[in-house]
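**Student:** no sequence on hand, only this structure:
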């Protein structure tokens, strides 16, 4: 057995990997040429493998991707090769769920609008411009101000993809008392949170009922432009779309049109078809769009979890056991 690493990693991480590997040699390759040569008799590979490397491998049984997403990693020869591929999924579930609910709370309490008003020194409760239509009754006051501030327990959240990230979003939603819907091609239920997870054919039902639609799906051949004009038409005109999955899942031109025409109320986006989002794109100036620069997974915890997962997979491989996070190479997850 032998493990090859490329690109070159730092000495501290390399020493930890070598320790985890025990008696199995680990080669930290300084060049792609060396990696191509060393992979000839390697049983494991860590890093960015290429078709040329793979074609020279004769004993390879395990490849470790340094990322969770595989759209820029998978290539046809790797799909066809008998080696197992593992990725880094499961590291970001709580971090990204935090980001999702920062969006939801921002929208529910209109913080994105109040921050804009703060910069102009404006004291103006959202909805106050229509206060003349206020209705009074014996129970108290029902006003446009009240209607423009959401109570999350009155809202429905629809989660598209209830893997580790989507499942954690559902757990957070339960804590807020929200009604929860979910679709997923594999997961059938989330115990104590969502007894029934719908299959993808129920996506229209989820869209029609949800006040917040959260995309937590990976980039796969099946999810490219899963959201376009038809899906926005199926959403409530008061609903917000949240995308922390992958940019290619949402047709950005169709989304922009839906926002401009108020077909949906708004969108909170961390990922885009084109990154960085071009400075001239109309989304930058739209009040019903919240934009963050692909930072939903940013956390001091992630690098530690990444190393822990890597070391555990090295140990498992050295013990001739199945590594964690084996993926279906044809499906990219």
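**Tutor:** Perfect, thanks for sending it. Predicted, not measured: the structure shown is a model, and the values here were computed from it.

**Student:** every contact and neighbour count from this point should use C-alpha atoms.
**Tutor:** Will do.

**Student:** just list the residues touching residue 39, thanks.
**Tutor:** Residue 39 is in contact with 4, 45, 53-54, 56-58, 60, counting by C-alpha atoms under 8 Å, 6 or more residues apart in numbering.

**Student:** one more pass at 6 Å, please.
**Tutor:** By C-alpha atoms under 6 Å, 6 or more residues apart in numbering, the contact list for residue 39 reads residue 57.

**Student:** and the gap between it and residue 30?
**Tutor:** Computed as C-alpha to C-alpha, to the nearest Å, the residue 39 to residue 30 distance reads 13 Å.

**Student:** ok, residues contacting stretch 108-116?
**Tutor:** The contact list for stretch 108-116 (C-alpha under 6 Å, 6+ apart) reads 149-150.

**Student:** report the rounded mean pLDDT for it.
**Tutor:** In this model, stretch 108-116 carries a mean pLDDT of 97.

**Student:** how far does it sit from the chain's center?
**Tutor:** 24 Å (C-alpha atoms, centre = their mean, to the nearest Å).

**Student:** give the buried residues for that stretch.
**Tutor:** Using 16 or more other C-alpha atoms under 10 Å as the test for burial, stretch 108-116 gives 108-110, 112, 114.

**Student:** with stretch 260-270 instead?
**Tutor:** Buried residues in stretch 260-270, counted by 16+ other C-alpha under 10 Å: 260, 263-270.

**Student:** just the strands in the stretch 51-200 of the chain please.
**Tutor:** 62-64, 84-86, 135-137, 140-142, 156-160, 179-183 (DSSP state E, counting those that start in this stretch).

**Student:** tell me the two of the buried residues of stretch 260-270 that are most distant?
**Tutor:** Farthest-apart pair in the buried residues of stretch 260-270 is 263 and 270; separation 20.6 Å (C-alpha to C-alpha).

**Student:** residue 88 touches residue 69, doesn't it?
**Tutor:** No - if you go by C-alpha atoms under 6 Å, residue 88 and residue 69 don't touch, sitting 8.0 Å apart.

**Student:** ok, which of the strands of the stretch 51-200 of the chain comes nearest residue 26?
**Tutor:** Distance to residue 26, taken as C-alpha to C-alpha, is lowest for strand 62-64 among those, at 13.7 Å.

**Student:** I'd like to know which elements the closest one is packed against.
**Tutor:** The contact analysis (3 or more C-alpha pairs under 6 Å, 6 or more residues apart in numbering; DSSP states H and E) places strand 62-64 against strand 44-47, strand 84-86.

**Student:** mean confidence for the last one?
**Tutor:** It refers to strand 84-86. The average pLDDT within strand 84-86 is 98.

**Student:** for stretch 6-23, same thing?
**Tutor:** Across stretch 6-23, the average pLDDT comes to 98.

**Student:** and what of stretch 325-333?
**Tutor:** On average, the pLDDT along stretch 325-333 is 96.

**Student:** next: stretch 288-299.
**Tutor:** Throughout stretch 288-299, pLDDT has a mean value of 97.

**Student:** just how off-centre is it within its chain?
**Tutor:** Per C-alpha atoms, centre = their mean, the centroid offset for stretch 288-299 relative to its chain is 11 Å.

**Student:** kindly report the same for stretch 235-255.
**Tutor:** 13 Å.

**Student:** next, the buried residues of that stretch.
**Tutor:** Buried residues in stretch 235-255 (16+ other C-alpha under 10 Å): 235-237, 239-252, 254-255.

**Student:** stretch 220-228 now?
**Tutor:** Using 16+ other C-alpha under 10 Å as the test for burial, stretch 220-228 gives 220, 224-225, 227-228.

**Student:** touching it from outside, list them.
**Tutor:** Here stretch 220-228 makes contact (C-alpha under 6 Å, 6+ apart) with 248-251, 254, 332.

**Student:** tell me which of the residues you listed fall in helices.
**Tutor:** Among those, the members found in helices (DSSP state H) are residue 254.
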